[in-house]
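K.L.:
The sequence and its predicted three-dimensional model are supplied below.
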Amino acid sequence: MKCLICGKNYNSITNTHLKKHNLTLREYLNKFPQTSWRNMDWLTEEHRRMLSRRMSLLRKLGIITPSVKNKEQKKEISNRMIGVKNPNYIDGGTKKLQNEIEKQFQIQEGRCLICGDTELVTHHLDTDQNYIEGNIKLLCSKCHNNIHQRGYNFTKKEWTIKLSEWFTSIQGEGISTGIPMHFIRTQGCQMGCLFCDSKFTWTQGQEYNYIGVVNIFKELVKNSPNIKRLCLTGGSPEEQNITPLLMIAKCFGFYVEIEINGSNEIKLYHENLIDQFNVSIKLSNNGQSYDKRINQNTINYLLKRNSYFKFVVSKEKDVEEVRNLLDKFQISKKRTYLMPEGKTTDIIIEKTKWLIENYAKKESFNISTRLHIILFNNKRAI
């Protein structure tokens, strides 16, 4: 394929080459609207015409499909674009796809769903269901690579995540108590609290890839379509690569809360992926050292975000430790909740009353009971 600026021949015209001419791929296609950016000799004439119509639409919307180097990958992508061996494209399917892209472009106001960039590509949430309403999303190339964990910055190994369970309920503790939401619980936690009420997450769980996680979200949405809130909990979610999961959640339109203990570094691809941090900072009553429990840099970061801090207490010594931490890190009481330690209804009710009498009324601490334990003791997936 010949570059119409310098006259040199290439397998495809890429952004890397066009940088030498101070152009982006979109600017090149706008400047030379009758040209293409890759070799299509292997396509039939009918397929070439169909693909040309598709590319015309993408140019109109400012959308460029991601580039690939392998010829087989090119063929696979183009086959999907033009409908080869894809039953979803028969009987006017290509037109349906065009309509869905145009519709989503208007919904997203021409911006990437994650970062707001205007250089867009099409993303199929479920690659086997191209025309289900809501399945097409528009992302920038960087976000598209991140959701699939592919490109120069990623390993070739398929992304997976270990999950223990998922279910729909109401939030049982903290500032969001009583709000209905979906819960996804990750496997694994290096903290190892003595009083942990979900120790099963330390070892029990299964590994899921991208499409496996999408299917989990589809199941949750199918069962409770009006709930638009997700709580990612554990275990300790931040100990795994949760970026694709969070991006999938945003593609489904969820407000995302995450439950963390604040001891690990927060590595977020983009700050828009998490709307609320529920931070359960561990006290010495969990049996671990101060250095393992407390990460000053993480706490300072969380103070700049929409974060709320929870402390599990069972005696006055624990509350004194909370006071010291609030003073040290300048955490406001308005963002702080004291919670009773316990795994049974009777213990939680008794300790909640104790907290109300001694610390809510006398010191104006926010108190959070643990509603899920009061109602169901320590039953799972409730």
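P.N.:
Perfect, thanks for sending it. Numbers count the residues shown, from 1 in each chain.
K.L.:
For the rest of this, base every contact and every neighbour count on C-alpha atoms.
P.N.:
Will do.
K.L.:
Show me the shaky parts of this structure.
P.N.:
11, 34-95, 128-132, 152, 381-382 (pLDDT under 70).
K.L.:
The longest strand along it pairs with which strands, and in what direction?
P.N.:
Here the longest strand in the chain is taken by residue count, with DSSP state E as the criterion, and it is strand 160-170. Strand pairing for strand 160-170, using DSSP bridges, gives strand 180-186 (antiparallel), strand 206-209 (antiparallel).
K.L.:
Give me the contacts around the first one.
P.N.:
Going back to what we said before, that points to strand 180-186. Residues outside strand 180-186 that contact it (Cα atoms under 8 Å, 6 or more residues apart in numbering) are 161-171, 201, 205, 220, 227-237.
K.L.:
where along this protein do the helices fall?
P.N.:
The residue ranges that make up the helices of the chain, judged by DSSP state H, are 15-18, 25-31, 45-61, 71-82, 93-107, 141-148, 210-223, 243-251, 290-293, 296-303, 316-329, 345-355, 361-363, 371-376.
K.L.:
which other helices and strands contact the first one?
P.N.:
Looking back up the chat, that one is helix 15-18. helix 25-31 (3 or more Cα pairs under 8 Å, 6 or more residues apart in numbering; DSSP states H and E).
K.L.:
Need the distance between the two termini of stretch 234-250.
P.N.:
Start-to-end span of stretch 234-250 (Cα to Cα, to the nearest Å) is 19 Å.
K.L.:
buried residues in that stretch?
P.N.:
Taking 16 or more other Cα atoms under 10 Å as the basis for neighbour counts, the residues of stretch 234-250 that come out buried are 234-239, 242-250.
K.L.:
same question, stretch 323-341
P.N.:
Buried residues in stretch 323-341, counting neighbours by 16+ other Cα under 10 Å, are found at Ile331, Lys333, Arg335, Thr336, Tyr337, Leu338, Met339, Pro340, Glu341.
K.L.:
pretty sure the fourth one contacts Asn366?
P.N.:
Think Thr336. Yes: in terms of Cα atoms under 8 Å, Thr336 counts as a neighbour of Asn366; the distance is 6.3 Å.
K.L.:
Domain-wise, how is the protein divided?
P.N.:
As given by automatic domain parsing, the domain ranges for the chain are 40-148, 160-376.
K.L.:
Dump the ones you listed into TSV; add distance to Ile13 as well.
P.N.:
Compiled in TSV, the domains of the chain are given as follows (distance: least, Cα to Cα, whole Å):
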stretch	distance to Ile13
domain 40-148	9
domain 160-376	29
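K.L.:
Just name the most buried of the helices of the chain.
P.N.:
Comparing those by mean neighbour count (mean count of other Cα atoms under 10 Å), helix 243-251 comes out on top with a mean of 21.
K.L.:
List of residues touching it?
P.N.:
Contacts with helix 243-251, where a contact means Cα under 8 Å, 6+ apart, come from 113-114, 125, 137, 146-149, 210, 213-214, 217, 230, 256, 268-269, 273-274.
K.L.:
again, but for stretch 299-318
P.N.:
Contacts of stretch 299-318 with the rest of the structure, by Cα under 8 Å, 6+ apart, involve 174-175, 262, 275-285, 319, 322, 329, 331, 335-341, 351.
K.L.:
before we move on, what about stretch 193-208?
P.N.:
Stretch 193-208 is contacted by residues 160-165, 185-189, 234-235, 285-288, 341-343, 378 when judged by Cα under 8 Å, 6+ apart.
K.L.:
how much distance is there from that stretch to the middle of the chain?
P.N.:
21 Å (Cα atoms, centre = their mean, to the nearest Å).
K.L.:
So for it, what gets flagged as buried?
P.N.:
When burial is assessed from 16+ other Cα under 10 Å, stretch 193-208 yields the following buried residues: Cys193, Lys199, Thr201, Trp202, Gly205, Tyr208.
K.L.:
Closest one of these to His21?
P.N.:
For His21, the closest of the buried residues of stretch 193-208 turns out to be Tyr208, at 43.4 Å, with distances computed as Cα to Cα.
K.L.:
Tell me how many other residues surround Val256.
P.N.:
Applying other Cα atoms under 10 Å, we find 21 residues neighbouring Val256.
K.L.:
Could you shift the numbering so residue one becomes 592, and keep it that way?
P.N.:
OK, 592 is where the count begins now, so the last one is Val847.
K.L.:
That one against Arg820, yeah?
P.N.:
Yes: with the criterion set as Cα under 8 Å, Val847 and Arg820 qualify as a contacting pair; they are 6.0 Å apart.
K.L.:
ok, Lys610 - how many residues close by?
P.N.:
Lys610 - counted by other Cα under 10 Å - has 11 other residues nearby.
K.L.:
Likewise for the one 4 residues further on?
P.N.:
Each residue near Leu614 was counted by other Cα under 10 Å, and the total is 15.
K.L.:
Disregarding flanking residues, what is the spatial nearest neighbour of it?
P.N.:
With Cα to Cα, 6 or more residues apart in numbering as the measure, Asn606 is the residue that lies nearest to Leu614, at 7.8 Å, once sequence neighbours are left out.
K.L.:
what about the one you found, distance to Tyr619?
P.N.:
Following Cα to Cα, the distance that separates Asn606 from Tyr619 is 9 Å.
K.L.:
Thr960 too?
P.N.:
Thr960 sits 60 Å away from Tyr619, going by Cα to Cα.
K.L.:
again with Cys706
P.N.:
Applying Cα to Cα, the value for Cys706 to Tyr619 is 24 Å.
K.L.:
got the contact list for Ile818?
P.N.:
Ile818 makes contact with Pro771, Met772, His773, Val812 under the criterion Cα under 8 Å, 6+ apart.
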